[in-house]
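Participant: Give me the fold of what follows.
(chains A and B)
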There are 2 protein chains.
Amino acid sequence: MPQQKTVNGVKVTELFNTIEAIKQNPEIAKFKFRATNMWVKGTYNRGVVDGFYGALEEDNSRKPMVFKLDEPPVLLGKNQGANPVEYLLVALSGCLTTSLIAHAAARGIDVKKVESRYEGDLDLRGFLGISEDVQVGYQNIRVYFKIDADISEEQKEELIRMAQKYSPVFNTITKSAPVSVHLDK
Amino acid sequence: MPQQKTVNGVKVTELFNTIEAIKQNPEIAKFKFRATNMWVKGTYNRGVVDGFYGALEEDNSRKPMVFKLDEPPVLLGKNQGANPVEYLLVALSGCLTTSLIAHAAARGIDVKKVESRYEGDLDLRGFLGISEDVQVGYQNIRVYFKIDADISEEQKEELIRMAQKYSPVFNTITKSAPVSVHLDK
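Facilitator: Prediction:
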């Protein structure tokens, strides 16, 4: 067995082996991620994540993970969970962080600590159908990273650029993705 | 006190009062939602949601809600949480559902049950930097709704159109939003 190299808790040897395998067979890289949702009452509903398809097979090894979504009272809910636009920020936060860490690991950069904060502007006149001129989605999202590592400010800025370049959630939001919605009969 | 009308668990009278108040003062509709993230190890990190700004004031009444994000072993993680692109589907699921329910309530349409499922295609050659021709974000997301209500198929299709038209997460993903990423010094 060759020695396993690990940086930032990422198994770098395995990462490079995966990349080599995908270069031989790009089908390995084609993943399908899934969720289901069940409405409960009012603004309260529950999302569930379990299986996915990837690396040429179905993976049903995980137990279902349940997420409660609700609105605060000012938006007619009962605070039974974070709201959908907040979940979007959580998704973005996890993706930028993992992207930053993985690409730092691939370059052999040890990172001690990474914290980030997110703020998105939403004008509810869009959702409420009050004005057609107001966009329905987020108008702007701002992200602030704090990185503790023995590298220069320039290298930290470079890590942040890599995080953005390679993050699937960041690129889905900033470049858009088609979503088709169907009625099951 | 005028009688409160509630449809699908949504306080419709309050909803219409909110819309009237916003028409008088659009500043009420300007919300700022937030999240923070702390990297733990490897592909594992935690997102936190608590306060937000909206209806002209800061709301810090909620307890912090913590979300664990990780990857499955095939993606070098340890299954300590759903992954970021799965959180994105959860966000989308909650938003389309709430949008559908709220707009049905506003039109006085009673809904008995709403279920939906989500599947997104992701080619990891983008994330891994193997090919510049492969998009990094989701290539496609498909959504399937099942609606139980005493209405026609056409009316169900109309509910689905409304859900898409007014959902902030759906519109953020399909129309894109600018995300600026900064380094805290």
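Participant: Now for residue A:108, how many residues are close by?
Facilitator: Residue A:108: 10 surrounding residues under other Cβ atoms under 10 Å in any protein chain shown. In this view, the C-beta of every residue, glycine as well, is placed from N, C-alpha and C.
Participant: residue contacts, the nearest residue to it once chain neighbours are set aside?
Facilitator: Excluding the flanking residues, the one nearest residue A:108 by Cβ to Cβ, 6 or more residues apart in numbering or on different chains is residue A:7, at 6.0 Å. Counting by Cβ atoms under 8 Å, 6 or more residues apart in numbering or on different chains, residue A:7 touches A:104, A:105, A:106, A:108, A:109, A:110.
Participant: now residue A:7: how far from residue B:154?
Facilitator: Using Cβ to Cβ, to the nearest Å, residue A:7 is found at 57 Å from residue B:154.
Participant: residues touching the closest residue in space to residue A:41 that isn't next to it in sequence, list them.
Facilitator: Nearest non-adjacent residue to residue A:41, counting by Cβ to Cβ, 6+ apart: residue B:9, 3.8 Å away. Contacts for residue B:9 (Cβ under 8 Å, 6+ apart) come out as A:41, A:42, A:43, A:44, B:101, B:105.
Participant: Same question for residue A:142.
Facilitator: A:118, A:119, A:120, B:179, B:180, B:182.
Participant: Out of those, name the ones that lie in strands.
Facilitator: A:118, A:119, A:120, B:179, B:180, B:182 (DSSP state E).
Participant: Can I get those in CSV including neighbour count and distance to residue A:142?
Facilitator: Listed next are those as CSV, based on neighbours: other Cβ atoms under 10 Å in any protein chain shown; distance: Cβ to Cβ, whole Å:
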residue, neighbour count, distance to residue A:142
A:118, 24, 7
A:119, 17, 5
A:120, 27, 8
B:179, 22, 8
B:180, 11, 5
B:182, 12, 7
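Participant: Select, from the residues you listed, the two members most distant in space.
Facilitator: Across the ones in strands among the contacts of residue A:142, the longest distance by Cβ to Cβ is 14.4 Å; it joins A:120 and B:182.
Participant: would you turn the contacts of residue A:142 into JSON lines with distance to residue B:142 and pLDDT?
Facilitator: Output for the contacts of residue A:142, formatted as JSON lines (distance: Cβ to Cβ, whole Å; pLDDT from 0 to 100):
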{"residue": "A:118", "distance to residue B:142": "27", "pLDDT": "98"}
{"residue": "A:119", "distance to residue B:142": "30", "pLDDT": "98"}
{"residue": "A:120", "distance to residue B:142": "25", "pLDDT": "98"}
{"residue": "B:179", "distance to residue B:142": "24", "pLDDT": "98"}
{"residue": "B:180", "distance to residue B:142": "30", "pLDDT": "98"}
{"residue": "B:182", "distance to residue B:142": "34", "pLDDT": "98"}
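Participant: what bits of chain A have low per-residue confidence?
Facilitator: A:1-2 (pLDDT under 70).
Participant: redo that, cut-off 90
Facilitator: Within chain A, the ranges that satisfy pLDDT under 90 run A:1-4, A:185.
Participant: Format the CA atom coordinates belonging to the longest helix seen in chain A as PDB.
Facilitator: Assignment by DSSP state H gives helix A:84-106 as the longest helix of chain A. Output in PDB follows, covering the C-alpha atoms of helix A:84-106 (Å, rounded to 0.1, in the frame of the first residue of the first chain):
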ATOM      1  CA  PRO A  84     -36.000  28.200   2.400                       C
ATOM      2  CA  VAL A  85     -33.900  31.200   1.500                       C
ATOM      3  CA  GLU A  86     -31.800  30.700   4.600                       C
ATOM      4  CA  TYR A  87     -31.300  27.000   3.600                       C
ATOM      5  CA  LEU A  88     -30.000  28.400   0.300                       C
ATOM      6  CA  LEU A  89     -27.300  30.400   2.200                       C
ATOM      7  CA  VAL A  90     -26.400  27.300   4.300                       C
ATOM      8  CA  ALA A  91     -26.000  25.400   1.000                       C
ATOM      9  CA  LEU A  92     -23.800  28.100  -0.400                       C
ATOM     10  CA  SER A  93     -21.700  28.300   2.900                       C
ATOM     11  CA  GLY A  94     -21.000  24.600   2.900                       C
ATOM     12  CA  CYS A  95     -20.100  24.500  -0.700                       C
ATOM     13  CA  LEU A  96     -17.700  27.400  -0.700                       C
ATOM     14  CA  THR A  97     -16.100  26.100   2.400                       C
ATOM     15  CA  THR A  98     -15.600  22.600   1.100                       C
ATOM     16  CA  SER A  99     -14.400  23.900  -2.200                       C
ATOM     17  CA  LEU A 100     -11.900  26.100  -0.500                       C
ATOM     18  CA  ILE A 101     -10.600  23.300   1.800                       C
ATOM     19  CA  ALA A 102     -10.400  20.600  -1.000                       C
ATOM     20  CA  HIS A 103      -8.500  22.800  -3.400                       C
ATOM     21  CA  ALA A 104      -6.200  24.100  -0.600                       C
ATOM     22  CA  ALA A 105      -5.500  20.400   0.300                       C
ATOM     23  CA  ALA A 106      -4.800  19.500  -3.400                       C
END
